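Engineer: A predicted structure for the sequence below; I have some questions about it.
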Amino acid sequence: MFSAVGASFLPYVNHSCDQFENENLCTTHVETNPLLAERPPSWALFSETTRPIVGDAPERFGLFGTDTNGYDLFSRTMFGARNSLLIGALSILFGILIGGILGLVAGYMGKRVDKVIDTIMNIFLAFPALLLAIFIVGFFDSSTTTEAKSRSIAPIVIALVILSIPPIARLVRANTIVFAQREFVLAARGLGAKNGRIIVREILPNVMPAMVTFAITGMAILVVAEGALAYLGLSVTAPTPTWGAMIFGGQTKLETAWWISIMPSIILFVTVLAINLLGDALSEKFRIREAIG
Amino acid sequence: MAGTGHAHLRGDALLSVRDLVVEFPVGRTGLKVNAVSGISFDAQKGETLGVVGESGCGKSTTGRAIMQIPRPKSGEVTFDGQDLMQADTETIRRLRTNIQMIFQDPISSLNPRRSVRDIVLEPLNIWKVGTKEERLARVNKVLEDVGIDPAVAADRRPYQFSGGQCQRISIARALVLEPKMIICDEPVSALDVSVQAQVLNLLEDLKRDYSLTLMFIAHDLAVVKNISDRVAVMYLGKMCEIAPSDDLYRAPAHHYTNVLLSSIPVADPTVTVATQRVQGEPPSPVLPPAGCRFNPRCPAATDRCRTEEPEIREVAPNHFVACHHPIHGGEAPVSVRSTGS
Amino acid sequence: MSTLQTAVRRETGTLLEIEDLATHFATPGGVVRAVDGVTFSLDHGQRLGIVGESGCGKTILSRSIMGLLPRRNVIRKGSVLFEGTELTTMSLKDRQKIWGAEMAMIFQDPMTSLNPVMKIGKQLAEPLRIHLGSTRENAQEIVLKLLQDVGIPEPEKRLEQYAHELSGGMRQRIMIAMALACGPSVLFADEPTTALDVTVQAQILDLIEDQCREREMALVLVTHDLGVVAGHTDQIIVMYAGKIVEIAPTATLFSKMKMPYTEALFQSIPKLADPSHTRLTTIGGRPPNLVAPPDGCSFSPRCPYATDTCTKVEPELQQAEPGHLFACHYPVGSDRWNEVQVSLGRRSGGH
Amino acid sequence: GGDNGGGGESADTVAAAETTAPTETTDIIDPMTAVTPGGTLTMGIEAETSSPWRPSEMVCAISCHMVARTVYDSLMIIGGDNSPVPYLASGMEPNEDYTVWRITARAGVKFHDGTDFDGAAIAENIGRHKTALLTGTAIKTVTDISVDSSDPMTAIVTVEKPWATFPWYLTGQIGYMASPTWLLASDTDEALRAQPVGTGPFVYSDYKPNEYYTGTKNANYWNAPFPYLDEITLIPIADSLKRRDALKAGDVDVVHTTNGEVINEFRSGLDGFSSVEITNNAETGYTLLHVTQEGSPLNDRRIRCALANATDNDIINEVVSFGVNELANGPFSPGQVGNLEDSGYPLVQDMAKAQALIAEYKAENPGELKISLATTNDATNLVVAQYQKDFYEEAGIDEVTIDQIDQGQYIVTALLGNFQVFQWRNHGGVDLDQQYIWWHSSSALDIGSLALNFGRIKDPKLDELLDANRATVDPAEKKQIAEDVNRLFATECYNLWGAYTTWLIAFKSGVMGLDAANLTTPEGARAVEGAGIAGSFFPHTIWRQQ
Amino acid sequence: MRYFLRKLLQLVIVVFAVTFTVSLALGAIPYAEERIIAAKGSGAINEEEKNKLLDSLNLREPTLVQYGYFVGDLVTLDWGVTLNGNQPISTSISDGLGISLRLMIYGQLVALLIAIPAAVFAAYRSGGLFDRFSTTVSFGFISTPNYVLATILGLLFTVRWKLFPAISTDVGFFEAPWDHFRNFFLPTIVLALPLAGAYMRLLRSDLVNTLQSDFITTARAKGVSTPRILFGHALRPSLFSLVTAAAVNVGALVGGSVVVETAFNLNGLGRRTVLGIFASEFRLVQITVVILALVYVITNFLVDILYGFLDPRVRVGRLG
Ligand SMILES: Nc1ncnc2c1ncn2[C@@H]1O[C@H](COP(=O)(O)OP(=O)(O)OP(=O)(O)O)[C@@H](O)[C@H]1O
Ligand SMILES: Nc1ncnc2c1ncn2[C@@H]1O[C@H](COP(=O)(O)OP(=O)(O)OP(=O)(O)O)[C@@H](O)[C@H]1O
Ligand SMILES: [Mg+2]
Ligand SMILES: [Mg+2]
């Protein structure tokens, strides 16, 4: 997904170099290929010019312009994709893993197990999501020592995972119940298969498509959710770019330098749309495959 | 009807079921469905026992209860000399392999996401039978036996097959562990007449080749007659009548059996169908009628039927019925007489 | 349209004339020729059976006649004249005026065919209120009468119930009552009893027959069960791969079937009269692929009598006797047929 | 860290009023002639005080003072000649060596609850500050507060050491006089604490935290003809752009702001709106360094000064404040005593020097050089932090980690001393003595204890200068001391100076009298322009053109 | 009946778990004591006062005792005053709840008013132009952060066109309906648009499935007009996911509209909570969490009943 978005923009990067007489700007672009960069490109690399081009508009600088720190927005957006999508992907991955297991077990075992899991999910849902996130992220930041520390993506992922478990578990549970009633499950039991085997071999493959579709949509949602965390300052520490943090960072400059917020917003939107269309396409594919005859 | 009693049970059966009771809770209401209310029957080795009865009368539940899915509330299920009701989970798991099931819906009974080979291989994998090669060889053989070309079909998935082919695959899966008995739960109800014929023929052949005992559940009496040696008629969780199939069709003793028989549409416009139609709607298994469970709809019901549950008894040689007023005369407990008409 | 009016109009003649009707679906896998050039007509009050294997296009045919098809990816050809009016070119609004009023339909699974969240009474009253503009009270009255007609006990109570609270048989009766509500001149019954018990099936078939007679309503009974059509129709169409392969008055068809497919179908039914363990005749092979139907006669790949001619030349419908048409190069009773029968060690008429 | 309030004593000096309003200026109008009294006014302020309205408990920044001044009068105000003049007090006299102060209550003044204002009220009010976290530190040296046995209108305050500058403290939070009856009642009834009772121009009428505070005209105000307005409402709107929007949309009549974007917008003139700018007595935005932390590289002067040299404040000012502010070279803004043309602090970036300093340090102290930089989640602060990170890293710091913490924790982090580099803004104020508690080693407690000397500066030289300033009233001497302090900060680089804050007050045309200098005492003294706290004014004098 | 008892039991367990965690959570906050003292601002500078303060908050009791006190206070509604002494906690919460509830209800209503017709039309012509257009727009709404939307709409509607106030005041509906509308319009829209996007997606896909059901064909065969089929027959059985999502959002929006509330200066519960965290008003936050949990639990309970109305089959538990 990421490379698809990234790759389609790469030719423009090189192309945009032609517009500049200053060769340094071109080389900067090449050097800071966002897909390879270890850290986000900073204006310090522009030191040939006497002063960084700060908050400049896209029509004058770069593809997307620069932000208030003089960072090239295009590079940061691309680099931010790595973080945002990583956060989204990791969160949904673990969410699916844990939520999926809970849902499968609850749906297949039913009865008491189901009730216990349902209650646990309800407890999680009963906490306001926002506060849960604040608390979780805060918990991992808890030391107020003088030690240098910057928040990595781990606590953010954990917060998002916890937020995404209940809905995933519910979805998987609902699907599992449908398949647990199908006769091939009965047949497997009749063959002497144990519960674990039935869940893994018979039910999981059938619930998988729904999970994958949900995962894809869910990832889009989580990429957006990271933005909400950024609003509360709970996302990855600056200057590491994420889309959420970038959009938030430019929010106060919407009147004077709209591109700082809007450019990453557009990319976020296009990505979310693309991810979801992919999800739709996948689910369509699975649907046809399940059809009879 | 409402057959209690064990008059019809024989000593030398492979499978023997006594007073089987299965109940289910009804949603959130606290009530219960009396799905099976004390049924007894048996099946001898190599025999095909047909079970008929209207929808919801507990046929499938009976079949599953034999396999202990779910475990019945009470009763006795003896298979091959072993009491399944008393066995622990692990023993049952092992014993289940001796009794296999084939289901009504061929699509639903095959996992749509697994290849045909995987599906048929699964039982062997579960029980770790032989080496990998041996398992594959066995799968191929069984597939061939049921008329599926393993070379072409093994890698496909169920949705790429027709209903009849799917049913064959599910039969192959049931056969691959070489069980002693197969419970067929309406295996042809969802199939076209032409395909139905194929599957019925196939079952007959396999029964011979694998020396199987079959329990064949259906609601189509013509189909059941074609395949069965003996036929048991159920109504609302109870046993009505059990007899060798030709006898049963020639001379039904229970009024419900009679109604069933006359309801079968005959593919011959020249035949005027008997006008015997069942009255009223099927009662709910949640609140079954007292006495004989068929009494509210029975043309011959008397007060006795409304209060006293009839006991199973023999009305002709090997022809057992649970009715106070069987069709061919014989008020219970009147001595058995042969059906002359 | 009041019952009286319809009765007057029904006096004579043809109700429906279907001419070269074809319905194809454009799917990603190719064009599915679900119904492929069907021509027949239906008289007032006539009971027609349509039989054939699963997937041969019975449902699509009956829906094509009504014009009740999905909007997208459908290719339609041919003409449907209802009382002389062309239906295929009619606007949706006009067709909605005919649906339920002039032509009604009931379906295979009465559970899924009833709205699970709408009270029975409301669903029943809907066609009355739409087509006849009945008031609530008025509609209720008619509905109660209808429920009595279809033999539902305690009709008042049913009005307030939901579909899931009724038995399968009762649901199908509700469906029938709903179809009959506005006194249509033709009822399409698409496998109305497949989901039901034999005992209930018998009741429902009786009911349909009674109502047709009482209301002088034409019936199109779609089924794959030859037994069902045998007792309840005047005429039968046998379909195979989207085409009519045989059409005959019911009695004629059963006694003098011409098409080997009809024959095979008939022979594969287990018969009560036969003793246990009677070997059944089967039709080999698979139903044809409707995307790429075989050349020549579509049944040829599965037909024991097929020759090169069959695989190359598509047989036209030909007349055996008035009202009995079939499409076969080597019909039952032909020389070729006899030859093969002998080679198979069979005599005519099955076993 | 926005304007994390530095306490009431951040009050006031004198400074030449420097108002520049391009379109329309509020000239000093004789209150007796042109004014039309009446009307209501709504003002958008930048923060909720988020503290109770009892003077000893407030954590008071500008907005808080704006609200407090409607309901309370301070004992002293800063007069037009930049020295404290009595306002609610009728007089304030020291003894010979400035260890005993007699404060006399103005006669005939009544609190809003009808009780009399007297010496006991003064004693009660000042006494309450003794146990307070912030103001308690400020008056730590006060040993006794009593009422003169011979004159019930006079309170006597005794201090440990000579404290010549004490009157400055009574121009702000410590000087606010609340009704002792109310204070007492609110000790038990917590709900009363949010319904202040003072002697001020407006009587408390309604208050919803974070929503609004409303006062209605005190008809019996002792300093007639003030106030002019019938009613004043203050609405906290944290976001400056939103505050401006609210003004433009007509939701409020007046706003104050330090946002460069908004200031520029009003500077260029907007139809229907006027503005005044206040730069005197302004706070200095700066970056705090923790300078005595064990094992911290910041203990080394070279590192601190390297950071100072590495920073290009020009660009930060340009980007963050749209260049509206003047860069700072010390703690005292222009016009403040102690301000120097050249304090020795690097005003322009000198990266080479910074790199040299760090290289020197590194040669002596091998190993990785890491610094953590604390900031809040505020977008602007983050921008600054990222600049700092880039500057410092370019200068040779191996890794600068930005530590984003929420505001609640931010202040505590500062108080506890749990930081290395910290963004901060405060220290407005007129007299150097008002910085005593922030810089003196006596308030540099151990890390982990709440202390106001956040950076834990423990410099005997600085202590000496602060103590000397406290004991004198001689302007020349005070000037010398303040300049020495300025130079000391520049040499030691205890703090990294940023820019002096520019305040702008924008208002609808027709709002008049938004100038402290319009306030006069009954004795005829005028208040200083800017009211001694940049960004604020006295509500007394506002009126609306009808 | 037994079902409701069971639900009730679950409700109790959830509430217990939430209160317990919340009570415990205080211990996990770094420098909680210092933060409380700093927030208190006064009266706590010397050890004695400090201890008095901390003791009065039961902060030094063993965990279980703290929990006991917490629950006791909760139940007796003895919630005290905020640390800064501005307001009784009960007033703060009830004021905030008033604003947030209204905002939530308006937002949900508007979102549903937009989503339902759009979804119905999109589903009716699924794959068509409108379907694709509305999909894109939905994702646009879903992926535009609230604060961006708030800023843009704010610039247009308040500053440029002066149609609505830039900062909303909590004007009661019955006092001044028009002002109430003006003040709540923009926050409602900002809240509603992303919701509408999500709701539309949900409902559309369920509707597409429902429209393929047999009973829809039955209705068509009866001659029912298209709008009536869509709204009268197809809509209700398709509402399950939507209702579930909307129900979950009830809780989420009541406590989680910080962004919108902040953008329009509305002092709702979400904003109060976040400000409460920043101002170390832990007790306020704790109690708010419990209240929000109750809101969640109660909505869930009501929605369970609503399911029964949406689909009578649920009432007898057939859908399990
Ligand atoms: N898991 C279950 N939970 C609750 N009730 C059940 C369950 N399984 C079956 N029943 C009920 O038990 C009764 C008997 O069901 P069963 O499936 O055995 O009937 P059947 O004779 O096989 O019917 P059919 O011909 O429709 O397959 C029915 O009333 C059915 O509703
Ligand atoms: N919407 C559709 N798109 C594509 N193909 C379709 C569609 N509807 C039906 N078909 C195909 O058209 C053919 C005829 O279908 P139809 O439903 O008429 O069969 P049928 O004779 O009624 O079968 P059955 O007995 O199973 O009901 C089938 O092969 C089916 O797969
Ligand atoms: Mg069954
Ligand atoms: Mg069909």
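Structural biologist: Structure received. Ligands and ions are numbered 1, 2, ... in the order given.
Engineer: ok, D:Val528 - how many residues close by?
Structural biologist: D:Val528: 28 surrounding residues under other CB atoms under 10 Å in any protein chain shown. The way it works is simple: take the backbone N, C-alpha and C, and place the C-beta from them, glycine included.
Engineer: Find me whatever residue is spatially closest to it, sequence neighbours aside.
Structural biologist: Using CB to CB, 6 or more residues apart in numbering or on different chains and skipping the chain neighbours, the partner closest in space to D:Val528 is D:Ile78 (4.6 Å).
Engineer: how about the helices of the stretch 101-250 of chain B, start to end?
Structural biologist: Along the stretch 101-250 of chain B, counting by DSSP state H, counting those that start in this stretch, helices occupy B:116-126, B:132-145, B:150-153, B:163-175, B:193-209, B:221-227, B:245-250.
Engineer: Output those helices as TSV; include the columns mean pLDDT.
Structural biologist: Below are these laid out as TSV (pLDDT from 0 to 100):
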stretch	mean pLDDT
helix B:116-126	91
helix B:132-145	89
helix B:150-153	83
helix B:163-175	87
helix B:193-209	87
helix B:221-227	87
helix B:245-250	86
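Engineer: Secondary structure of the residue nearest to D:Val528: a strand, I assume?
Structural biologist: Yes: D:Ile78: assigned to a strand according to DSSP: H, G, I helix; E, B strand; the rest coil.
Engineer: Columns distance to chain A on top of the helices of the stretch 101-250 of chain B, output as TSV?
Structural biologist: Listed next are the helices of the stretch 101-250 of chain B as TSV, based on distance: least, CB to the nearest CB, whole Å:
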stretch	distance to chain A
helix B:116-126	4
helix B:132-145	14
helix B:150-153	15
helix B:163-175	7
helix B:193-209	13
helix B:221-227	19
helix B:245-250	26
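Engineer: Can you tell me which of these is nearest to ligand 2?
Structural biologist: Closest of the helices of the stretch 101-250 of chain B to ligand 2 is helix B:163-175, at 9.2 Å (criterion: CB to the nearest ligand atom).
Engineer: Name the residue of the stretch 51-200 of chain B that lies nearest to chain D.
Structural biologist: Ranked by CB to the nearest CB, the top residue of the stretch 51-200 of chain B for proximity to chain D is B:Arg113, at 46.4 Å.
Engineer: before we move on, back to that, how much space between the residue nearest to D:Val528 and ligand 1?
Structural biologist: 86 Å (CB to the nearest ligand atom, to the nearest Å).
Engineer: Equivalent analysis for E:Leu239, please.
Structural biologist: For E:Leu239, the distance to ligand 1 - CB to the nearest ligand atom - is 27 Å.
Engineer: Can you find the helix or strand of chain C with the lowest average pLDDT?
Structural biologist: The helix or strand of chain C with the poorest confidence is helix C:3-9; it has a mean of 39 (mean pLDDT, DSSP states H and E).
Engineer: The helix or strand just after that helix - contacts with which helices or strands?
Structural biologist: Where DSSP states H and E defines the elements, the next helix or strand beyond helix C:3-9 is strand C:14-27. Packing contacts for strand C:14-27, counted by 3 or more CB pairs under 8 Å, 6 or more residues apart in numbering or on different chains; DSSP states H and E, involve strand C:30-43, helix C:58-66, strand C:74-82.
Engineer: burial count for the residue of the stretch 51-200 of chain B closest to chain D?
Structural biologist: Per other CB under 10 Å, the neighbour tally for B:Arg113 reads 23.
Engineer: same check, this time on the one 4 residues further on
Structural biologist: Counted with other CB under 10 Å, the neighbours of B:Arg117 add up to 19.
Engineer: quick one: contacts for it?
Structural biologist: Contact analysis of B:Arg117 by CB atoms under 8 Å, 6 or more residues apart in numbering or on different chains lists B:Leu136, B:Val139, B:Pro150, B:Ala154, B:Asp155.
Engineer: Now rank the residues you listed by neighbours and give me the top one.
Structural biologist: When neighbours are taken as other CB under 10 Å, the top entry among those is B:Val139 (24 neighbours).
Engineer: Spit out the contact partners of residue 192.
Structural biologist: No chain in the question, so chain A it is. A:Gly192 sits next to B:Arg93, B:Arg94, B:Arg96, B:Thr97, B:Pro123, B:Ile126, B:Trp127 when contact means CB under 8 Å, 6+ apart.
Engineer: meant chain E, my bad for not saying
Structural biologist: Counting by CB under 8 Å, 6+ apart, E:Ala192 has contacts E:Tyr106, E:Gly107, E:Gln108, E:Val110, E:Ala111, E:Ile114.
Engineer: residues of the host helix or strand of it that come out buried?
Structural biologist: Assigned by DSSP H and E, E:Ala192 belongs to helix E:177-211. Judged by neighbour count (16 or more other CB atoms under 10 Å in any protein chain shown), helix E:177-211 contains these buried residues: E:180, E:182-208, E:210-211.
Engineer: Please see if it touches ligand 2.
Structural biologist: No: taking CB under 6 Å from any ligand atom as the criterion, helix E:177-211 and ligand 2 are apart, separated by no less than 12.9 Å.
Engineer: Give me the mean pLDDT for that helix.
Structural biologist: For helix E:177-211, mean pLDDT is 90.
Engineer: next one: stretch D:328-341
Structural biologist: The average pLDDT for stretch D:328-341 rounds to 87.
Engineer: Find the closest residue to chain D in the stretch 101-250 of chain A.
Structural biologist: Going by CB to the nearest CB, chain D is nearest to A:Gly233 of the stretch 101-250 of chain A, at 2.3 Å.
Engineer: Show the contacting residues for the closest residue to that residue other than its chain neighbours.
Structural biologist: Nearest residue to A:Gly233, sequence neighbours excluded (CB to CB, 6+ apart): D:Asn377, at 2.3 Å. Under the criterion of CB under 8 Å, 6+ apart, the neighbours of D:Asn377 are A:Leu232, A:Gly233, A:Leu234, D:Gln404, D:Ile405, D:Asp406, D:Gln407.
Engineer: Can you report how many residues neighbour the first one?
Structural biologist: Think A:Leu232. Applying other CB under 10 Å, we find 19 other residues in the vicinity of A:Leu232.
Engineer: is it true that it touches E:Gly270?
Structural biologist: No: at 10.7 Å, A:Leu232 does not count as touching E:Gly270 under the criterion of CB atoms under 8 Å.
Engineer: Give me the common contacts of the two.
Structural biologist: Counting by CB under 8 Å, 6+ apart, the common neighbours of A:Leu232 and E:Gly270 are A:Leu130, E:Val258.
Engineer: from the stretch 101-250 of chain C, which residue is nearest to ligand 1?
Structural biologist: For the stretch 101-250 of chain C, CB to the nearest ligand atom, closest residue to ligand 1: C:Asp197, 7.4 Å.
Engineer: quick one on the thing from earlier: just the ones of the contacts of E:Ala192 in helices?
Structural biologist: E:Tyr106, E:Gly107, E:Gln108, E:Val110, E:Ala111, E:Ile114 (DSSP state H).
Engineer: Which residue lies closest in space to C:Cys310, excluding its sequence neighbours?
Structural biologist: Spatially, and ignoring its direct neighbours in sequence, C:Cys310 is nearest to C:Ser300 (4.0 Å; CB to CB, 6+ apart).
Engineer: Check the one you found and give its pLDDT.
Structural biologist: Looking at C:Ser300, the pLDDT reads 91.
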